[in-house]
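# Build the 3D model from these lines:
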Amino acid sequence: MDATEASLACDVISFARKHTYYYRHLYQSILDDESFLEDLPITDLEDYWKMARADLANVLTTPLVGGRILCTGGSTSHLESIHLTLDETHNHSKAKALIWGSTLDLSEGDRLASLATTSDLHTGFWDTVNMYTGVMVPVKSIQILISNEQPLENIAAAVERFRPSILIGPPFDIVHLAEYFGTSDTVLLSVRAILYLGHSLPKRLHSSWHGVFPKAKLFPLMYSTKLDIGPVGLPAPITTCENCDVDPTYSVAHEIAILEIVTDDGTIIKQPGVKGNVIITHLLRRLQPIIRYPVGDVAEWVDYESRTFKYKGRVPAKIKLAEATLDISLVKEVVNNALGTNVDGRFQCVLCCEDSRPKLIIRLAYPIPHNPGQLRHNIESAIWKVSPGWKHDRLAGAILSIRLEWVDADELDHDESSGKVKELVDER
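Numbers count the residues shown, from 1 in each chain. The predicted structure is shown next:
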């Protein structure tokens, strides 16, 4: 951490200690002049949100009298609420706009076509686009809002008619659009950039884009989190002609936040190519400070000195029922072995309650096999062997037996942004 980062971090820490009970309590054994960021404890999410639910004043520096409240499922199984003042909301939006304006080289006369749902169009879509993608259109540029719920030929007609410079939307919408144009050998030379919602992009999705958008560079959204913390990482583009999976590299937006990558035990990682958990310290947030907060992502440094990193996915989800905890990756491995195949994209764990007791349902997008009962027994037995805590709680009756459900692929819950199957759904 350089001197500038250390100075900014000290200011944030001092302010949070003075004005919030949570951080004052967390740092009570640390002297003010010893408040070096990397030596402070990492925020415990369960404790933080438990204290926030008990009394918001514990985590807010002052009562909110004007601004926004975002209610999310967040990183715990309970409701989490993010509070932003009007100034913070404006500053986040302005920062995104300035960064994107420079990155995309927006100029007078540019047209930005955004694909979104009809409900977004009717409920403040300008705010949705400007705040979510961070693109504020220059005064003499044009924002084209296109509903992605109308027939594909209508979407294509609008895009072809208005010839946008920038195309923004979910990857699957852009895939369908490219495939539609491809059938008639239509080429859109006007599109010089595509902003897709998500991070990584497999080549099977964007392989059809080059023929239709040969001049376009691909940009994921800026690296951010559900905490609405603003643009933490700025993406580097690739071109549509590159026949490879898109695994974007980001540069830390050092004026917005300090990003650290740590091991599971909190050891700081600075070596390139070593995966770890992302923790964020926000430099602009004052109403609800965020200090060494685990955001639930995994990343690795490309170059620590220049603060460039690669997003490597989410921290493996954990299944928590009664007193037992299972890594979802372990459950998937057990299911892979039982079925004799890789269940990626066809596997989902659902947490629910029956008769006031917790239960794990494993949904599998496969036809019902000839021996479903035996498969269920094999999976449960394997989990008993690798998790003594699970076995103990099952024998004590604290957890009900695992149930397998054989479903169609469209019955699995999907992430709206990436289109990927959610591997963990909490229905309790």
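# Could you use CA atoms for every contact and neighbour count after this?
OK.
# Do I have it right that Thr186 meets Val212?
Yes - using C-alpha atoms under 8 Å, Thr186 is in contact with Val212, at 6.3 Å.
# where along the stretch 251-400 of the chain do the helices fall?
For the stretch 251-400 of the chain, applying DSSP state H, counting those that start in this stretch gives helices covering 328-339, 372-386, 388-395.
# now the shortest one, how far from the centre of its chain.
In terms of C-alpha atoms, centre = their mean, to the nearest Å, the centre of helix 388-395 is found 32 Å from the chain centre.
# Please apply the same query to the first one.
Centre-to-centre, helix 328-339 and its host chain are 24 Å apart (C-alpha atoms, centre = their mean).
# List the buried residues of that helix.
By neighbour count with 16 or more other C-alpha atoms under 10 Å, helix 328-339 contains the buried residues Ile328, Val331, Lys332, Val334, Val335, Asn336, Ala338.
# The last one too?
Neighbour-count burial for helix 388-395 flags Gly389, Trp390, Lys391, Asp393, Arg394 (criterion: 16+ other C-alpha under 10 Å).
# Distance to Leu26 for the helices of the stretch 251-400 of the chain - can I get that in CSV?
Shown next, in CSV, are those (distance: least, C-alpha to C-alpha, whole Å):
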stretch, distance to Leu26
helix 328-339, 30
helix 372-386, 35
helix 388-395, 30
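# mind giving me TSV with these and columns for distance to Ser165 and mean pLDDT?
Converted to TSV, these look like this (distance: least, C-alpha to C-alpha, whole Å; pLDDT from 0 to 100):
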stretch	distance to Ser165	mean pLDDT
helix 328-339	41	91
helix 372-386	52	92
helix 388-395	55	88
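# closest to Pro316 out of those?
For Pro316, the closest of the helices of the stretch 251-400 of the chain is helix 328-339, at 6.6 Å, according to C-alpha to C-alpha.
# quick one: contacts of that closest one?
316-319, 342-343, 347, 349, 375, 378-379, 382-383, 423-424 (C-alpha atoms under 8 Å, 6 or more residues apart in numbering).
# again, only using 6 Å
The contact list for helix 328-339 (C-alpha atoms under 6 Å, 6 or more residues apart in numbering) reads Ala317, Lys318, Asn342.
# how big is the angle separating that helix from helix 372-386?
Counting by axes from the mean of the first three to the mean of the last three C-alpha atoms, to 10 degrees, helix 328-339 lies at 140 degrees to helix 372-386.
# Just the buried positions in stretch 176-196, please.
For stretch 176-196, by 16+ other C-alpha under 10 Å, it's 176-181, 187-188, 190-196.
# Out of the residues you listed, which sit inside helices?
Among the buried residues of stretch 176-196, the members falling in helices (DSSP state H) are His176, Leu177, Ala178, Glu179, Tyr180, Phe181.
# Give the residue spans of the stretch 251-400 of the chain that score low on pLDDT.
Along the stretch 251-400 of the chain, segments meeting pLDDT under 70 are nowhere present.
# gap between Leu221 and Leu115?
Using C-alpha to C-alpha, to the nearest Å, Leu221 is found at 14 Å from Leu115.
# if I look at Thr186 and Val212, which residues touch both of them?
Counting by C-alpha under 6 Å, 6+ apart, nothing touches both Thr186 and Val212.
# thinking again about what came up before, reformat the buried residues of helix 388-395 as a markdown table; add distance to Asn277.
Shown next, in a markdown table, are the buried residues of helix 388-395 (distance: C-alpha to C-alpha, whole Å):
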| residue | distance to Asn277 |
| --- | --- |
| Gly389 | 25 |
| Trp390 | 26 |
| Lys391 | 29 |
| Asp393 | 29 |
| Arg394 | 31 |
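# Quick one: closest of the helices of the stretch 251-400 of the chain to Lys94.
Nearest to Lys94 among those is helix 328-339; the distance by C-alpha to C-alpha comes to 38.5 Å.
# I'd like to know which of the helices of the stretch 251-400 of the chain lies nearest to Ala216.
Ala216 sits nearest to helix 328-339 of all the helices of the stretch 251-400 of the chain, at 36.4 Å, using C-alpha to C-alpha.
# How far off centre is the longest strand anywhere in the chain?
What stands out as the longest strand in the chain, according to DSSP state E, is strand 293-303. Averaging C-alpha positions (C-alpha atoms, centre = their mean) puts strand 293-303 12 Å from its chain's average.
# What residues of that strand count as buried?
Buried residues in strand 293-303, counting neighbours by 16+ other C-alpha under 10 Å, are found at Tyr293, Pro294, Val295, Gly296, Asp297, Val298, Ala299, Glu300, Trp301, Val302.
# Tell me what the first one is bridged to.
It stands for Tyr293. Residues in a beta bridge with Tyr293, per DSSP bridges, are Ile280.
# contacting residues around it?
Tyr293 sits next to Thr43, Ile279, Ile280 when contact means C-alpha under 6 Å, 6+ apart.
# same check, this time on the last one
By C-alpha under 6 Å, 6+ apart, the residues touching Val302 are Pro272, Thr308, Phe309.
# gap between the residue nearest to the first one when sequence neighbours are not counted and Ile362?
On the basis of C-alpha to C-alpha, 6 or more residues apart in numbering, the spatially nearest residue to Pro272 that is not a chain neighbour turns out to be Trp301, at 4.6 Å. With distances defined as C-alpha to C-alpha, the gap from Trp301 to Ile362 amounts to 35 Å.
# How about Val350?
Val350 sits 6 Å away from Ile362 when distances are taken as C-alpha to C-alpha.
# what's the answer for Asp39, then?
Between Asp39 and Ile362 the computed distance is 41 Å (C-alpha to C-alpha).
# partners of the helix or strand hosting Leu115 in the sheet?
Using DSSP states H and E, Leu115 sits in strand 111-116. Note on strand 111-116: by DSSP bridges, its sheet partners are strand 142-147 (parallel), strand 166-169 (parallel).
# Columns mean neighbour count, distance to Pro202 and mean pLDDT on top of those strands, output as JSON lines?
Conversion of those to JSON lines gives the following (neighbours: other C-alpha atoms under 10 Å; distance: least, C-alpha to C-alpha, whole Å; pLDDT from 0 to 100):
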{"stretch": "strand 142-147", "mean neighbour count": "18", "distance to Pro202": "25", "mean pLDDT": "85"}
{"stretch": "strand 166-169", "mean neighbour count": "22", "distance to Pro202": "16", "mean pLDDT": "90"}
